[in-house]
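A.B. asks: compute the structure for the input listed below.
(2 chains)
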Amino acid sequence: MTGGAELFRAFDDPKLASSLAGRLARLEIPRPLTLMHVCGTHEHAIARAGIRSLLPPGVRLIAGPGCPVCVCPAVDIDLAIQAALRDDMTVTTFGDMFRVPSGETSLEQLRAQERDVRVVYSPLDAVRIAREEPGAQVVFVAVGFETTAGPIAAALLGDVPDNFTVIPSLRLIPPALAFLLEGAGTQVDGFVLPGHVSTVLGRAGYDVLERDGGVPAVIAGFEAVDILQAVFELIEEALSGPPHAVRNLYRRVVSENGNVRARETIARAFEPVDSIWRGIGVIPRSGLALRPALRKLDAVLRFGLERRDGIADARPGCICHEVILGLSEPEACPLFGGACTPRRPYGPCMVSSEGTCRARYQYRGTPRG
Amino acid sequence: MTMCLAIPMQIVEISGDDAICAAGGIRKAIRLDLLQDAAVGDFVLIHTGYAIEKVDPDEARETLELIEKVYRAGTGGRSGGESS
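C.D. replies: Numbers count the residues shown, from 1 in each chain, chains lettered A, B, ... in the order given. Below is the predicted model:
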């Protein structure tokens, strides 16, 4: 029983990590390289382990649009705020979403004003609240990437009471990667692909990265050893000629074809739709809308919530939209660590525990490259 | 809670699509809707109350062996203190 658990911990083994780091430091880097990950959990792991301080000179490892709460546009948060302002509503949300401001308020502030807003761990918790409180209208803010879309789809396809609805705000990673490749202003020499999104997609789910000659890309896990190995292999590949196919370095949980059952579950509940990403704009077919049979569960339709597209994503002075695209480092923001801290966050990248600014601030004592 | 965070736990009980998982002395009720064939004893990744994928200990072992080999190829071998 413990054999398995010990095996997983081996990927966080400092000795093995420092061996890899030593090998990484000896690489010759003839030209500057920019590597990008697109996962908030990766940013956390990178910041915590001080991976950037271990990179050879000339190699940058930047964070792309990988934090679901950070890329969620203000217009979607505004829908949740509209719901919370109605007297008969209970709004349920993941903790990350709770504190993100839209305009001058947030779900957290509304709760302080006696509005019924509750943080849940699972969509099933929200369904349970609806069942236990039939007099309330319970709305669940459905935010996340492929990883989270599976559980949410499964919950919606199960037995849900009539007083349960969702605000759909799910987004898909491959269309965002395609957008980055088509010229979002960031030259990327290699991608570290998100391990848990990849459990759903599988290695084969990234064919978008293999078109037009392709770009180096590896699927990576979340321990120091996983990330160091990913960086090492990406550097070698970027310097050695035409890229290979996407490689899977997280084989202990990611298979070639991914979790087919999870994808089928998502496809039964949702269909692809154009979606707005904070700081980016509309990316075609990058979001998920409820299928017609489930539209009765859409809170926006049922309660006539208004999609106020004019709401500004960026508060004055905030550079989250540049941080999301990897165009700016958090430390370049004049608000970072002063007017914007995890205790009093100003922008979404500091709010979410997956946000790039939050991770950098939390581990700011850890040496950087 | 980070949103795409998923933690490995071991299945100790199954009843239909409901299961109990354990890790580090913690027991947790989870759902198996998203897995094809989960069995008691399997390690699974848990995310927002659902098992999202099985964890394969053999693949974990192979990846570690590969990394060890790459490291040795780069240094000409190591005198001791091998990671296990």
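
A.B. asks: counting neighbours, what do you get for A:Arg60?
C.D. replies: A:Arg60: 15 surrounding residues under other C-beta atoms under 10 Å in any protein chain shown. Glycine gets a C-beta too; all of them are placed from N, C-alpha and C.

A.B. asks: and the strand or helix carrying it, which residues are buried?
C.D. replies: Secondary structure from DSSP states H and E places A:Arg60 in strand A:59-63. Under the neighbour-count criterion of 16 or more other C-beta atoms under 10 Å in any protein chain shown, strand A:59-63 has A:59, A:61-63 buried.

A.B. asks: again with stretch A:186-200
C.D. replies: Those would be A:188-200, for stretch A:186-200 by 16+ other C-beta under 10 Å.

A.B. asks: now do stretch A:103-119
C.D. replies: For stretch A:103-119, the neighbour count (16+ other C-beta under 10 Å) marks A:105-111, A:115-119 as buried.

A.B. asks: please enumerate residues in contact with that stretch?
C.D. replies: A:74, A:77-78, A:80-81, A:84-85, A:89-95, A:97-100, A:129, A:136, A:311 (C-beta atoms under 8 Å, 6 or more residues apart in numbering or on different chains).

A.B. asks: of the buried residues of stretch A:186-200, which are in range of chain B?
C.D. replies: Checking the buried residues of stretch A:186-200 against chain B by C-beta under 8 Å from any C-beta of the partner chain, the ones in range are A:194, A:196-197, A:199-200.

A.B. asks: tell me which of those residues fall in helices.
C.D. replies: A:196-197, A:199-200 (DSSP state H).

A.B. asks: in JSON lines: the residues you listed, plus pLDDT.
C.D. replies: Formatted as JSON lines, those follow (pLDDT from 0 to 100):
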{"residue": "A:His196", "pLDDT": "95"}
{"residue": "A:Val197", "pLDDT": "97"}
{"residue": "A:Thr199", "pLDDT": "97"}
{"residue": "A:Val200", "pLDDT": "98"}
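
A.B. asks: what's the closest of these to A:Ile152?
C.D. replies: A:Val200 (12.2 Å; C-beta to C-beta).

A.B. asks: residues contacting the closest one?
C.D. replies: A:146-147, A:149-150, A:258-259, A:262-263, A:266, B:52.

A.B. asks: and what of A:Glu329?
C.D. replies: A:62, A:323, A:360.

A.B. asks: show the subsequent helix or strand relative to the lengthiest strand in chain A.
C.D. replies: Determined from DSSP state E, the single longest strand within chain A is strand A:281-290. As assigned by DSSP H and E, the chain's next helix or strand after strand A:281-290 is helix A:299-302.

A.B. asks: list the buried ones in that next one?
C.D. replies: Residues of helix A:299-302 classed as buried under the neighbour-count rule (16+ other C-beta under 10 Å) are A:299-300.

A.B. asks: after that helix, which helix or strand is next?
C.D. replies: Helix A:299-302 is succeeded, C-terminally, by helix A:320-324 (DSSP H and E).

A.B. asks: do you know the pLDDT at the residue in the stretch 101-250 of chain A positioned nearest to chain B?
C.D. replies: Residue of the stretch 101-250 of chain A nearest chain B, by C-beta to the nearest C-beta: A:Ser122 (3.1 Å). In this model, A:Ser122 is scored at 96, pLDDT.

A.B. asks: so it makes contact with B:Lys28?
C.D. replies: No: using C-beta atoms under 8 Å, A:Ser122 is not in contact with B:Lys28, being 10.4 Å away.

A.B. asks: neighbour count winner among these two?
C.D. replies: Neighbour count, other C-beta under 10 Å: between A:Ser122 and B:Lys28, A:Ser122 has more, with 21 against 14.

A.B. asks: contacts for the longest strand anywhere in chain B?
C.D. replies: Longest strand in chain B, counting residues (DSSP E): strand B:7-15. Contacts with strand B:7-15, where a contact means C-beta under 8 Å, 6+ apart, come from A:1, A:4-5, A:8, B:19-23, B:26-28, B:30, B:32, B:38-46, B:51, B:55.

A.B. asks: any of those residues buried? List them.
C.D. replies: A:4, A:8, B:19-21, B:23, B:30, B:32, B:38, B:42-46, B:51, B:55.

A.B. asks: what about A:Val120, neighbour count?
C.D. replies: 20.

A.B. asks: where does the chain dip in pLDDT?
C.D. replies: Chain wasn't specified; assuming chain A. Scanning chain A for pLDDT under 70 picks out the ranges A:1-4, A:184, A:365-369.

A.B. asks: actually it's chain B I care about, not the one you picked
C.D. replies: Using pLDDT under 70, the flagged stretches of chain B are B:1-4, B:71-84.

A.B. asks: return the residues of the stretch 151-300 of chain A in contact with chain B.
C.D. replies: Counting by C-beta under 8 Å from any C-beta, the stretch 151-300 of chain A sits next to chain B at A:151-152, A:154, A:158, A:194, A:196-197, A:199-200, A:225, A:229, A:232, A:249, A:251-255, A:259-262, A:265.
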